[in-house]
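Undergrad: predicted model, plus sequence, below.
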Amino acid sequence: MLSRHPLEISLSDPRRLVIRWEDGHASEFPVDILRDFCPCATCRKARMDRNEQAEQPKKRSLNVLGAPTRFEVDGLEHVGRYALGVNWKDGHRSIFTWEYFSAICPCDECRMVRGGPPQPFDPLITV
Ligand SMILES: [Zn+2]
Ligand SMILES: [Zn+2]
C-alpha cells in the first residue's frame, strides 16, 4: 500500500470529507461511510457482530447502533503526522491513518485499481 500525505483536508460540506493528496489525487468520503469504516476495536467488533447477524443480504441496519448524530462530524484533529482524528457528535472518536484513507478511497479510479468497492479493514499501523 502506497503511503502518501494529504495537502489539504476539507469539510466544507459537513456530509463529505475531501482529502487532496500530494500526488494530485483527491478522495471524497461521505462521512457516513467513514463512521461505518471506523477502524477502532469497538467498531470492528460491532461490524463483525452485524455481519454475523446479517441474514438478509445487503440489508443494513445501521440505525440500531446509535443516534443519528453518529454520522455527524463534530471536529477534526491531526493525530501525529500519520493520521486524522474524527470526533463525532455522539462522542465517538475515530482515528484514520493516511494509509487507511488511501485504501478506502471510494473514487472510480481507486475502485478499478482495487477491483471493487472499499472495505473496512484492520489497519496495520496503530497510532
Ligand atoms: Zn470506532
Ligand atoms: Zn481514489
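TA: Nice, thanks for sending it over. Ligands and ions are numbered 1, 2, ... in the order given.
Undergrad: beta partners of residue 27?
TA: According to DSSP bridges, residue 19 are recorded as the beta-bridge partners of residue 27.
Undergrad: have a look at this protein and report its longest helix.
TA: The residue-count maximum for a helix in the chain (DSSP state H) belongs to helix 41-53.
Undergrad: got the end-to-end distance for stretch 106-117?
TA: The stretch stretch 106-117 measures 7 Å between its terminal residues, going by CA to CA, to the nearest Å.
Undergrad: which residues are in contact with residue 17?
TA: Each residue near residue 17 by CB atoms under 8 Å, 6 or more residues apart in numbering is listed here: 9-11, 28-29, 31, 34, 73, 76, 86. Where C-beta positions appear, they are placed from N, C-alpha and C, glycine not excepted.
Undergrad: 6 Å instead?
TA: Residue 17 sits next to 11, 29, 31 when contact means CB atoms under 6 Å, 6 or more residues apart in numbering.
Undergrad: top of the residues you listed by neighbour count?
TA: Counting neighbours by other CB atoms under 10 Å, residue 29 leads the contacts of residue 17 with 22 neighbours.
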